[in-house]
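Peer 1: only geometry, no sequence info:
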């Protein structure tokens with residue numbers, strides 16, 4: 001319980017309600033937006049949670065104060081306003097967002113409120129790199145990420161700024177650099193916008209490790225006596241042990257703990273590789289691998305030896321060979337004084353599994369104007385994932401035509417439309433090349449787009465498929481959240497997942513469904529929190545979970561209807 005007198009002391013000496021509202025109005029004035037009643041309700045939730053987080057910081061209580069205010073409800077703006085008020089009162093904060101471009105947008109919003117007191121720490125805002133490379137540095141950012149940084153900063157001077165903005169991954173890699181102030185103290189408040197990847201998962205097959213070993217053999221030369229480098233030897237030994245384990249495993253059970261035994265001197269070279277981005281980049285250069293994959297494979301080997309239960313094997317019991325080797329590690333630096341702004345933190349399963357999360361009461365949006373419809377299709381589509389259909393040559397073209405027909409029959413001329421599906425389906429560009437008439441069609445794939453408002457004018461959203469992580473990844477994430485070791489259990493069998501595993505599996509399915517559905521205009525809320533009218537069409541192989549959790553995702557929304565779009569070419 002938070003002491004009311006202590007809360008009042010925080011309001012008196014850190015941030016008052018009046019000062020937050022003043023900063024909020026300043027932000028809205030630059031956007032020509034009014035401050036609405038629903039904005040104030042969300043802002044009050046942010047204000048209370050941040051004040052509580054400062055008390056947590058003072059008492060070193062490590063909690064996430066989580067705010068599930070709705071998408072488009074103004075929680076990020078309220079958070080920026082709170083930080084500006086906090087800094088104006090001679091205190092400090094760290095704001096963490098998903099991408100470098102997000103950092104730039106936050107900087108643009110807050111820099112005018114606290115000029116000279118806020119900096120950005122990303123690889124796109126590095127003044128030393130700008131000095132070294134000049135215009136080529138900026139041009140690369142514009143070409144690769146589609147924006148131009150608003151300001152640049154020396155990394156050595158970041159601790160001079162009371163407010164700092166960084167990315168989730170940057171914080172995971174070097175938390176002390178982002179948290180530390182010039183006098184050696186720590187920033188008071190950590191404001192996290194959107195749920196970060198808190199658990200690092202390594203998920204690879206034996207062939208992946210063998211390719212990495214071959215890469216080391218080709219790039220790391222033997223010495224004059226014909227002795228191969230220790231890293232090459234270590235990876236070779238890991239491949240041998242993994243192969244023996246894979247070939248001797250009891251294939252009647254789908255999951256088993258994984259344990260390696262490599263010479264400690266050799267293992268040290270693998271550990272160094274896992275933590276050295278430069279080495280990973282040099283190894284991966286010119287290959288199909290990327291540096292992150294190299295790092296994760298090295299980390300899996302280390303975890304399989306130095307921990308008990310933080311690495312395991314997943315097999316398909318219907319196959320006589322093959323396996324996936326999985327390792328997990330909690331990677332988010334938990335610190336006192338943290339507030340998480342995430343519209344789906346009330347349905348993601350994390351709060352149920354984690355002992356460090358404290359949900360704060362937040363106002364709900366009203367989705368009474370959301371018209372939703374589940375699209376049924378012909379037999380070869382209904383009940384099958386579009387991802388699976390896309391990989392088969394005989395169903396790829398019919399699927400593409402059926403998706404096109406479903407959209408054209410249920411949209412209007414000149415309408416702005418968002419289409420969502422699996423990455424392989426969207427990245428192929430086959431859909432983009434089709435004739436959409438005068439409709440303004442945008443595309444996004446699962447695993448991307450959370451937090452974006454670039455499609456906020458789309459009045460119709462079409463979602464083909466549902467994003468569900470593999471069971472083995474869900475198992476790893478579940479244990480990572482709980483910070484427990486894997487052990488064989490009846491909750492993970494050939495029949496599927498149950499218990500805590502199923503809580504997270506369902507939660508993440510709902511998160512992606514709601515987050516991507518709300519990229520359209522339903523993210524626009526009026527003064528009373530009522531979402532703008534929008535049509536949502538979805539086709540999924542298992543709609544039962546969506547129907548049974550509809551009210552949790554979209555309060556007051558009518559129950560989805562259903563329709564069937566036939567495929568005359570297949571009849």
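Peer 2: Looks like it came in fine. Predicted, not measured: the structure shown is a model, and the values here were computed from it.
Peer 1: which regions of the stretch 201-350 of the chain sit below the pLDDT cut-off?
Peer 2: 222-227, 317-318, 320 (pLDDT under 70).
Peer 1: The same query, at a cut-off of 90, please.
Peer 2: Low-confidence segments of the stretch 201-350 of the chain (pLDDT under 90): 218-229, 251-252, 277, 282-283, 285-290, 306-309, 316-322.
Peer 1: do the stretch 451-571 of the chain as well
Peer 2: Short version for the stretch 451-571 of the chain, where the test is pLDDT under 90: 451-454, 465-469, 487-489, 493-495, 540-542, 564-571.
Peer 1: For it, just list every one of the helices.
Peer 2: With DSSP state H, counting those that start in this stretch as the criterion, the stretch 451-571 of the chain has helices at 471-482, 499-517, 544-548, 550-553.
Peer 1: cool, the stretch 101-250 of the chain as well?
Peer 2: 127-133, 135-145, 168-173, 175-179, 206-219, 230-248.
Peer 1: among those, which is nearest residue 57?
Peer 2: helix 175-179 (11.1 Å; Cβ to Cβ). From N, CA and C alone the C-beta is placed, and that goes for glycine too.
Peer 1: List the contacts of that closest one.
Peer 2: With contact meaning Cβ atoms under 8 Å, 6 or more residues apart in numbering, helix 175-179 is reached by 94, 96, 121, 155, 158, 164, 166, 170-171, 186-187, 190, 333, 335.
Peer 1: I'd like the average pLDDT over it.
Peer 2: The pLDDT scores in helix 175-179 average 96.
Peer 1: Can you mark which positions in that helix are buried?
Peer 2: Buried positions in helix 175-179, judged by neighbour count with 16 or more other Cβ atoms under 10 Å: 175, 178-179.
Peer 1: And for stretch 397-410?
Peer 2: Within stretch 397-410, the residues scored as buried using 16+ other Cβ under 10 Å are 398-400, 402-408, 410.
Peer 1: ok so, going back, and the helices of the stretch 101-250 of the chain: which comes nearest residue 277?
Peer 2: Proximity to residue 277 (Cβ to Cβ) singles out helix 168-173 among those, at 8.1 Å.
Peer 1: circling back to that earlier point, so can I have JSON lines of the helices of the stretch 451-571 of the chain showing distance to residue 381?
Peer 2: As requested, those are exported to JSON lines (distance: least, Cβ to Cβ, whole Å):
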{"stretch": "helix 471-482", "distance to residue 381": "24"}
{"stretch": "helix 499-517", "distance to residue 381": "19"}
{"stretch": "helix 544-548", "distance to residue 381": "17"}
{"stretch": "helix 550-553", "distance to residue 381": "22"}
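Peer 1: now those helices as a markdown table including mean neighbour count?
Peer 2: What follows is those, written out as a markdown table (neighbours: other Cβ atoms under 10 Å):
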| stretch | mean neighbour count |
| --- | --- |
| helix 471-482 | 22 |
| helix 499-517 | 21 |
| helix 544-548 | 13 |
| helix 550-553 | 15 |
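Peer 1: can you redo the helices of the stretch 101-250 of the chain as CSV with distance to residue 490?
Peer 2: As requested, those are exported to CSV (distance: least, Cβ to Cβ, whole Å):
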stretch, distance to residue 490
helix 127-133, 53
helix 135-145, 46
helix 168-173, 34
helix 175-179, 38
helix 206-219, 28
helix 230-248, 23
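Peer 1: If we go by neighbour counts, what in the longest helix along the chain is buried?
Peer 2: Determined from DSSP state H, the single longest helix within the chain is helix 37-58. Buried positions in helix 37-58, judged by neighbour count with 16+ other Cβ under 10 Å: 38-57.
Peer 1: Could you list the residues in contact with stretch 426-439?
Peer 2: 390, 400, 403-404, 407-408, 411-417, 419-420, 425, 441, 443-445.
Peer 1: swap the cut-off to 6 Å and go again
Peer 2: Applying Cβ atoms under 6 Å, 6 or more residues apart in numbering, the set of residues contacting stretch 426-439 from outside is 400, 404, 411, 413-415, 417, 443, 445.
Peer 1: now stretch 256-272
Peer 2: 230-231, 233-234, 237, 241, 249, 298, 301-302, 304-305, 309, 311-313.
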